[in-house]
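Undergrad: Below are the sequence and a predicted model for it; my questions follow.
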Amino acid sequence: MNNIIKDPNILRGKTFPNVWRQYLDDINRNGLRNYTEEKGIINENFCTLAVITDVNSGKILPDEYNTISEANMPGYLKEYGSITCMDNLDFEYTYGELECDHFGYNQLEDAISKIQNNPEGTYATMRWDPPVAWDTKSRPCLVSSIWKEFNDAIHTIQIVRVHDIKGGIPANNYGVTNAWGQNVSNALNIPLGDVAYLSIVPDFRDTNLKEVETITRSYENCDRNLIPKNRSHLPGPVLVKANDINTAYQKAKDAFKRHSKENVSQKELILGVFIRDVDTTNTDYYNLEIVEKTLNGENVVGNRLCNFEGYPERTAEYLRGHIREIKAMDDDKFDIFKQALPRKIDQIEQNVTGKYGLIEMPNLVRVGMTPYDPVKDKKGTDTNLLWAQPLIRGGRMNMVGVYLDSSTDDFSDDFSTIAGIQNHITERVNNETGQKLENGSIFIQYAPIHD
């Protein structure tokens, strides 16, 4: 069965407008077209890490961006709040309210304090509150921030579950840079370094295609000299890809050793690991004990995902509801979807499974889960798993996991946790619907990994 999903990618640029044009160019050239009932026809990629290496040079907003004018940006910034959080208290469940007030304390100020006390650490803020996120339409797209001091600058990686690249990320970056980044930088009295986005599903609507093609032509003609030839200021980032778990493990270990050898003073690495076909029956790195403890709620991740928060049961329940909708989808809608498919796909199974497997469930990309609790983990977290997100494409259940400050010795446990959740959701959906989902790919982002 076709796995309609693109390999992850890393983009780098000195300025945000350059990175934005690269984003659009990459989706336009290499992305896959899909149909959703929420957005209509979209063009999308999978797990793109975009790094802006010099946020202080050039314009913050691209000239071609027309969704929100620069004159109106100060008002938009209120939704992000400020380091004092006084600008956002009238906005319930906005980025600023979630960052600075929702969990009973200012997460940004707390992160600053932790960095001041231990500059070598890596710290997260969380904007996904499961009980609220499940019951509101205004779920945050930017679900979490990672903050790290490195090479005498403060850097951030934003975790984004779904990302409108044409209309959304320019405003997002304006808020992240001005409302959060500059304030953290000023509080620490060090420069703001790299600003990076891990966009799990970066997309743009097909109605914007002609405009995107015009924008990407300007990138082709003018912007290529703004792509840094060297690496970013962060350690890495590096991306390894493999067809199976065993090869992925060896490539990940080799990448870390190579980076440490080339950068003797660096003992950590921003590392992405992509496994195209997950087969847990033919690997030494699938730890059944970890899986059983997780699914039985006998460790921190399992207790919070399976018992305390009701995940991944609620995730499976969420998927089942959309499967029922898809099974009832009429042929006219399926014909619309087939017309949106990319040229690369030669054959489509025109049956219920094909309809289900080749179309995105409405709002499916809104599903996400985290064992990270901003209240319980204020003094320190007992789990390195920051975010997990399933994504169905081509009849296959793909999974994404983001780990905060993990170790090379934990690769087997990290993979086992994500693969175990993947297996669990897939089996439950199949058993309760009669569908024939298969396990697909797994992408794990380490931010960072160390020896």
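TA: Noted; the coordinates are in hand.
Undergrad: Dig out what Glu268 forms beta bridges with.
TA: His450 (DSSP bridges).
Undergrad: Report how many residues lie close to it.
TA: 26 (other CB atoms under 10 Å). Where C-beta positions appear, they are placed from N, C-alpha and C, glycine not excepted.
Undergrad: go on, Ala71?
TA: 7.
Undergrad: What pLDDT does the model give it?
TA: Predicted confidence (pLDDT) for Ala71: 77.
Undergrad: How much space separates it from Leu234?
TA: Using CB to CB, to the nearest Å, Ala71 is found at 33 Å from Leu234.
Undergrad: With Arg393 instead?
TA: Counting by CB to CB, the gap from Arg393 to Leu234 is 29 Å.
Undergrad: ok, now Arg428?
TA: Taking CB to CB, one finds Arg428 at 38 Å from Leu234.
Undergrad: who's more crowded, those two?
TA: Leu234 (24 against 18).
Undergrad: Low-confidence stretches in the stretch 101-250 of the chain?
TA: Across the stretch 101-250 of the chain, the ranges flagged by pLDDT under 70 are 134-138, 218-232.
Undergrad: What are the boundaries of the helices in it?
TA: Taking DSSP state H, counting those that start in this stretch as the test, the helices found in the stretch 101-250 of the chain are 107-117, 130-134, 169-175, 182-188, 209-218, 245-262.
Undergrad: Run the chain-centre distance for the second one.
TA: Yep, that's helix 130-134 we're talking about. Chain-centre distance of helix 130-134: 18 Å, with CA atoms, centre = their mean, to the nearest Å.
Undergrad: Kindly report the same for the fifth one.
TA: On the basis of CA atoms, centre = their mean, the separation between the geometric centre of helix 209-218 and that of its chain is 25 Å.
Undergrad: Dump it to PDB, keeping only the CA atoms.
TA: What follows is helix 209-218, C-alpha atoms only, in PDB (Å, rounded to 0.1, in the frame of the first residue of the first chain):
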ATOM      1  CA  LEU A 209      -0.800  27.800  -5.400                       C
ATOM      2  CA  LYS A 210      -0.300  30.500  -8.000                       C
ATOM      3  CA  GLU A 211       0.800  33.000  -5.400                       C
ATOM      4  CA  VAL A 212       3.200  30.400  -3.900                       C
ATOM      5  CA  GLU A 213       4.700  29.800  -7.400                       C
ATOM      6  CA  THR A 214       5.400  33.500  -7.800                       C
ATOM      7  CA  ILE A 215       7.000  33.700  -4.300                       C
ATOM      8  CA  THR A 216       9.200  30.700  -5.000                       C
ATOM      9  CA  ARG A 217      10.400  32.200  -8.200                       C
ATOM     10  CA  SER A 218      11.800  35.100  -6.200                       C
END
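Undergrad: And it, what does it pack against?
TA: helix 16-30 (3 or more CB pairs under 8 Å, 6 or more residues apart in numbering; DSSP states H and E).
Undergrad: Name the residues of the helix it packs on that are buried.
TA: 16-28 (16 or more other CB atoms under 10 Å).
Undergrad: Let's verify the closest residue to Lys14 other than its chain neighbours: helix, strand, or coil?
TA: Of all residues not flanking Lys14 in the chain, Asp54 sits nearest, at 4.4 Å (CB to CB, 6 or more residues apart in numbering). Taking DSSP: H, G, I helix; E, B strand; the rest coil as the rule, one finds Asp54 in the coil state.
Undergrad: Now that His33 has come up, it's in contact with Asn43, right?
TA: His isn't right for residue 33; it's Arg. Yes: counting by CB atoms under 8 Å, Arg33 touches Asn43, with 5.5 Å between them.
Undergrad: Just want to know which of the two has more residues nearby.
TA: Each of Arg33 and Asn43 has its neighbours counted (other CB under 10 Å); Asn43 has more, 24 against 21.
Undergrad: could you say what helices and strands the one helix or strand the more buried one maps to packs with?
TA: Assigned by DSSP states H and E, Asn43 belongs to strand 40-44. Applying 3+ CB pairs under 8 Å, 6+ apart, one finds that strand 40-44 contacts helix 16-30, strand 32-36, strand 202-205.
Undergrad: which stretch in the ones you listed has the least confidence?
TA: The weakest mean pLDDT among these belongs to strand 32-36, with a mean of 72.
Undergrad: before we move on, what SS does the residue lying closest to Asn303 once chain neighbours are set aside have?
TA: Using CB to CB, 6+ apart and skipping the chain neighbours, the partner closest in space to Asn303 is Gly297 (4.7 Å). Assigned by three-state DSSP, the conformation of Gly297 is coil.
Undergrad: Dihedrals phi and psi, Gly297?
TA: Gly297 adopts backbone torsions of phi 70, psi 30, taken as degrees, to the nearest 10.
Undergrad: That one: neighbouring residues, count only.
TA: Residues near Gly297, counting by other CB under 10 Å: 15.
Undergrad: Against Gln22, how distant is Arg29?
TA: On the measure of CB to CB, Arg29 and Gln22 end up 10 Å apart.
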